[in-house]
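**Q** coordinates only, no sequence provided:
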């Protein structure tokens with residue numbers, strides 16, 4: 001039995017191929033420029049659906065900010081996606097806590113951390129950016145702010161995610177620093193029950209017809225994490241960074257490692273120095289390895305990036321990371337190059 005992520009990749013690619021009637025999956029590492037035209041990229045193949053909603057905005061001349069906001073709401077509301085929003089795997093106490101951030105072309109940004117009961121944390125993060133003098137709201141404060149602004153409390157723990165959590169409780173083994181592949185029963189090629197930590201954040205960045213960049217990042221975080229744990233996804237400069245003069249980048253994987261190198265900010269600064277997006281992502285991944293080579297072999301981190309020319313690229317620690325792209329020129333999923 002394949003891992004959930006591989007299953008979703010194959011399902012998304014198969015259905016997308018049928019809908020498009022053309023080759024959808026591209027060879028590893030062959031990226032193209034869209035020459036300054038609207039484009040949206042996101043982490044992971046299943047997020048072709050998220051790109052499609054973002055493209056509805058971009059194709060009509062809408063802003064990159066509105067596009068990424070609309071796009072990431074797709075996995076947030078998908079009960080089958082156990083790593084983002086509704087249906088997300090809970091923490092060790094059985095509570096679904098969400099982290100999200102958004103950033104526009106002017107450097108405005110908003111973030112919520114450890115938010116419960118709200119279907120679309122990205123919308124709350126945007127309100128933090130637009131309606132408050134602050135950047136980050138957390139926990140009960142974030143929830144109160146959401147409720148005061150018309151959001152409704154909902155139960156985000158689906159029956160399937162609750163079942164997985166209760167299975168995990170039988171052993172309560174917590175090892176978030178390993179890849180899903182390391183948690184496979186190699187003889188049976190299936191996930192070890194209750195042990196598959198899911199940390200497949202959606203990060204999305206886009207450029208609109210005006211050449212402006214924005215980005216969004218949202219997740220339910222590591223499965224069965226300690227209550228209150230926050231990774232890189234809602235951290236500006238960690239899981240997401242946008243500089244309209246240069247480009248934008250976002251990350252997925254084990255957030256602690258991304259935070260240690262301020263990963264997305266690093267990728268953007270490397271592009272400022274002249275590196276192409278793929279090279280900048282690779283350099284960031286290599287910095288993680290230099291920090292702790294042994295630890296880096298057992299975990300996954302991936303970066304995707306988009307520069308002001310409309311060029312994009314990605315790189316990851318481990319294989320099987322994918323990037324979804326949508327523009328006037330193409331609609332593809334790329335198998336991303338990796339170090340290991």
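**A** Perfect, I can see it now. This structure is a prediction, so every number in the text was calculated from the model and none was measured.
**Q** from here on, contacts and neighbour counts on C-alpha atoms
**A** OK.
**Q** can you give me the helices in the stretch 201-340 of the chain?
**A** With DSSP state H, counting those that start in this stretch applied, the stretch 201-340 of the chain shows helices at 255-260, 263-272, 277-291, 293-296, listed in chain order.
**Q** so for the helix or strand containing residue 73, what's the average pLDDT?
**A** Here residue 73, judged by DSSP states H and E, is contained in helix 64-76. Looking at helix 64-76 alone, the average pLDDT works out to 98.
**Q** what's the next secondary structure element after that helix?
**A** Following helix 64-76 in sequence order, the next helix or strand is strand 98-103 (DSSP H and E).
**Q** export the helices of the stretch 201-340 of the chain to JSON lines and tack on mean pLDDT, distance to residue 234 and mean neighbour count?
**A** Formatted as JSON lines, those follow (pLDDT from 0 to 100; distance: least, CA to CA, whole Å; neighbours: other CA atoms under 10 Å):
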{"stretch": "helix 255-260", "mean pLDDT": "96", "distance to residue 234": "10", "mean neighbour count": "22"}
{"stretch": "helix 263-272", "mean pLDDT": "98", "distance to residue 234": "12", "mean neighbour count": "25"}
{"stretch": "helix 277-291", "mean pLDDT": "97", "distance to residue 234": "19", "mean neighbour count": "21"}
{"stretch": "helix 293-296", "mean pLDDT": "91", "distance to residue 234": "22", "mean neighbour count": "14"}
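**Q** so who does the most centrally placed residue in the chain touch?
**A** When CA atoms, centre = their mean is applied to the chain, the residue found nearest the centroid is residue 202 (2.2 Å). Each residue near residue 202 by CA atoms under 8 Å, 6 or more residues apart in numbering is listed here: 42-44, 47, 72, 75, 84, 217-219, 252.
**Q** local confidence estimate at it?
**A** Model confidence at residue 202, given as pLDDT, is 96.
**Q** quick check: bridge partners of it?
**A** In this structure, residue 202 bridges to residue 218 when assessed by DSSP bridges.
**Q** so residue 164 sits in a helix?
**A** Yes. Applying DSSP: H, G, I helix; E, B strand; the rest coil, one finds residue 164 inside a helix.
**Q** ok, it to residue 324 distance?
**A** Taken as CA to CA, to the nearest Å, the spacing of residue 164 relative to residue 324 amounts to 28 Å.
**Q** quick revisit: quick check: angle from the helix holding residue 73 to strand 98-103?
**A** Here helix 64-76 runs at 160 degrees with respect to strand 98-103, directions being taken by axes from the mean of the first three to the mean of the last three CA atoms, to 10 degrees.
**Q** quickly list what residue 236 is bridged to.
**A** Beta bridges link residue 236 to residue 240 when assigned by DSSP bridges.
**Q** ok, back up a step: relative to residue 108, which of the helices of the stretch 201-340 of the chain is closest?
**A** With distances scored as CA to CA, the stretch of those nearest to residue 108 is helix 263-272 (14.8 Å).
**Q** between that closest one and helix 277-291, how big is the angle?
**A** Using the same axes, to 10 degrees, helix 263-272 lies at 130 degrees relative to helix 277-291.
**Q** list the helices and strands helix 263-272 packs on?
**A** Under the contact criterion of 3 or more CA pairs under 8 Å, 6 or more residues apart in numbering; DSSP states H and E, helix 263-272 touches strand 240-243, strand 247-253, helix 277-291, strand 301-307.
**Q** hmm, back to that, including distance to residue 316, could the helices of the stretch 201-340 of the chain go into a markdown table?
**A** Converted to a markdown table, the helices of the stretch 201-340 of the chain look like this (distance: least, CA to CA, whole Å):
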| stretch | distance to residue 316 |
| --- | --- |
| helix 255-260 | 12 |
| helix 263-272 | 12 |
| helix 277-291 | 6 |
| helix 293-296 | 11 |
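**Q** what about the spatially closest residue to residue 121 that is not a sequence neighbour, distance to residue 290?
**A** Distances taken as CA to CA, 6 or more residues apart in numbering put residue 100 closest to residue 121, at 5.9 Å, once the chain neighbours are dropped. Noted for residue 100: a distance of 28 Å to residue 290, by CA to CA.
**Q** so what's the residue lying closest to residue 86 once chain neighbours are set aside scoring on pLDDT?
**A** By the measure of CA to CA, 6+ apart, the closest residue to residue 86 outside its immediate chain neighbours is residue 156, 4.7 Å from it. With respect to pLDDT, residue 156 scores 97.
**Q** what packs against the helix holding residue 73?
**A** Helices and strands touching helix 64-76, as assessed by 3+ CA pairs under 8 Å, 6+ apart, comprise helix 48-58, helix 121-131, strand 202-207, strand 213-219.
**Q** what stretches of the protein score poorly on pLDDT?
**A** 1-33, 35-36, 176-199 (pLDDT under 70).
**Q** one more time with 80, if that's ok
**A** Applying pLDDT under 80 to the predicted model, the residue ranges of the chain that meet it are 1-36, 174-200.
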